[in-house]
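Chemist: this is a predicted model, with the sequence first.
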Amino acid sequence: MSNKGSRDLPHCPACSDDVVLEFLEETFEEQERIIIVPINRLRCPSCGYSARNIDPGTVRAGVDHNLSQMVVGQRRRMRIRGDGHTFKRFDHLDLKYDARDYFHYPRLGGEDQDGFLCPVFFDKDVLVYFNNHPKYRLAMRSSSAGSITQGGEAMLSHGFGINRSGKLFMWLGDIDRAFSSADMKRELDMFKAHNVESDHDLASTYFFSQLPGDLDEAFYVSDNETGVFDLIDEMNEAFHKRFGQHLLKVDITPLIESYRTPVLEDRQPVFQSFMSLAISLIENLDESVLRVVSKGQSVEEAALLNQQGQKLKGMKLLQAFLEKGLGHSDAAQLLSPLFVLHDLRNLHGHLRDKSFEERYTSCKTRLGLAATATDLEVHSAVVKSLSETLKTLNTLFGVTTS
């Protein structure tokens, strides 16, 4: 999301990160009369910048007005809008939420004040159920925006978001639309079992695409596997446009449809993801096409053999093509993320081997990560590095991507 610094909150005007909503209290005492005033502010977790939603002068005027009506020894706590409020038309859902989010977070709380866009938070663990049940399909459009389909139809018309602390959130009105009917009781009960308190943080691709401040936010570029699959498809088409043949042996659409996004710190699904990505990209390279196209680029046969005189295969063949056919001098470095992915894919069946940790640490190091990096952190680094490699390949093949 570029140029965020030029926009109004919920983007920090100092460093362009995204703000979080906080609720504090200030105590005023005068002649043994005490008044407690709730204060809400928007704070940037990166640089510490904060801005009150209520002008201090307005607060002071309210305090003075209340103190003038109080007697000695009296203690009073003022209320902030939305404090303890519930939206009655959604009571049947029996969900907990904080209406203060709706009334005080930027871009929410429209003029009708109906509560439709009040965020409701859930533990992300709930996605494991939907991700592994054959009746549903979980689709993550980015690392912080997703949807669940049932019978090919979207379960929630607006999907869901995942904030920076890993909590899932959805709009209260959208939940009502999706789960009010009796035949959706099981799905509602599943979400209710994972319903958690709000942490007042909505920063996510989901939030900004739902309530965009400009076109960058409305039409975002995916930062997860969805973006990688798009780039793989673009690369295949770019290669075809330039050289007349597709680089990949099969259409990856069926592979995408069967792909399962890893949700939690669970090693097995994370490494299953690595295997799926490797099958889609590395094991799908058409070596016969690469050899034909290499010859068309005047690459000598000897350049497509290893030191033992055997034919190069897979990524080594692609590396030779990039170096000898397209003159890319740093092809080994460019393809490094693919070699790492290849090694991670090979580790999939050896998670319990004695040599696993050593080989896994080597992969982490090559990704620029510490040995203590979690599986999901490795997964995120793989996706990011693959994206950069694929963008460069698309450029080399004749298509420039943003």
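Modeler: On my side now, so go ahead.
Chemist: okay, buried residues for the helix or strand where Glu237 lies please.
Modeler: Element membership for Glu237, per DSSP states H and E: helix 225-243. Buried residues in helix 225-243, counted by 16 or more other C-beta atoms under 10 Å: 225-239, 243. Just so you know, the C-beta spots here come from the backbone N, C-alpha and C atoms, and that holds for glycine as well.
Chemist: for that helix, the distance to its chain's centre please.
Modeler: How far helix 225-243 lies from its chain's middle: 21 Å, per C-alpha atoms, centre = their mean, to the nearest Å.
Chemist: which SS class is the closest residue to Cys15 other than its chain neighbours?
Modeler: In this structure, Cys15 finds its nearest non-sequential neighbour in Cys47, 4.3 Å apart by C-beta to C-beta, 6 or more residues apart in numbering. Following DSSP: H, G, I helix; E, B strand; the rest coil, the label given to Cys47 is coil.
Chemist: oh, and call the first residue 38 from now on, that's how I've got it
Modeler: I'll keep to 38 as the first residue from here, and by that count the last item is Cys84.
Chemist: nearest to Pro291 among the buried residues of helix 262-280?
Modeler: Phe266 (11.7 Å; C-beta to C-beta).
Chemist: quick check, the closest one in contact with Glu294.
Modeler: No. If you go by C-beta atoms under 8 Å, Phe266 and Glu294 don't touch, sitting 10.4 Å apart.
Chemist: need the contact list for Val307.
Modeler: Contacts here follow C-beta atoms under 8 Å, 6 or more residues apart in numbering; on that basis Val307 touches Pro299, Asp412, Leu413, Val415, His416.
Chemist: repeat that for Ser181.
Modeler: So, once contact is read as C-beta under 8 Å, 6+ apart, Ser181 ends up touching Gly198, Ile199, Asn200, Ser241, Thr242, Tyr243.
Chemist: check contacts around the residue of the chain most remote from its centre.
Modeler: Here the chain reaches farthest from its C-alpha mean at Val109, the gap being 54.0 Å by C-alpha atoms, centre = their mean. Going by C-beta under 8 Å, 6+ apart, Val109 touches Gln68, Glu69, Arg70.
Chemist: and the first one, its phi and psi?
Modeler: Geometry field for Gln68 lists phi and psi as phi 50, psi 50, criterion degrees, to the nearest 10.
Chemist: what does the last one give?
Modeler: Backbone dihedrals for Arg70, given as degrees, to the nearest 10, come out at phi -110, psi 130.
Chemist: still on that earlier bit, mind checking how far the residue nearest to Cys52 is from Asp55?
Modeler: 12 Å (C-beta to C-beta, to the nearest Å).
Chemist: and the helices in the stretch 288-437 of the chain, which stretches?
Modeler: 290-295, 304-318, 324-333, 351-357, 368-371, 373-384, 393-403, 412-433 (DSSP state H, counting those that start in this stretch).
Chemist: what's near enough to touch His129?
Modeler: Applying C-beta under 8 Å, 6+ apart, one finds that His129 lies in contact with Ser217.
Chemist: please report phi then psi for it.
Modeler: phi -60, psi -20.
Chemist: in helices, which of the contacts of Ser181 fall?
Modeler: Judged by DSSP state H, these include Thr242, Tyr243 as members of helices.
Chemist: from the contacts of Ser181, which two are the most distant?
Modeler: Asn200 and Thr242, at 10.6 Å, using C-beta to C-beta across the contacts of Ser181.
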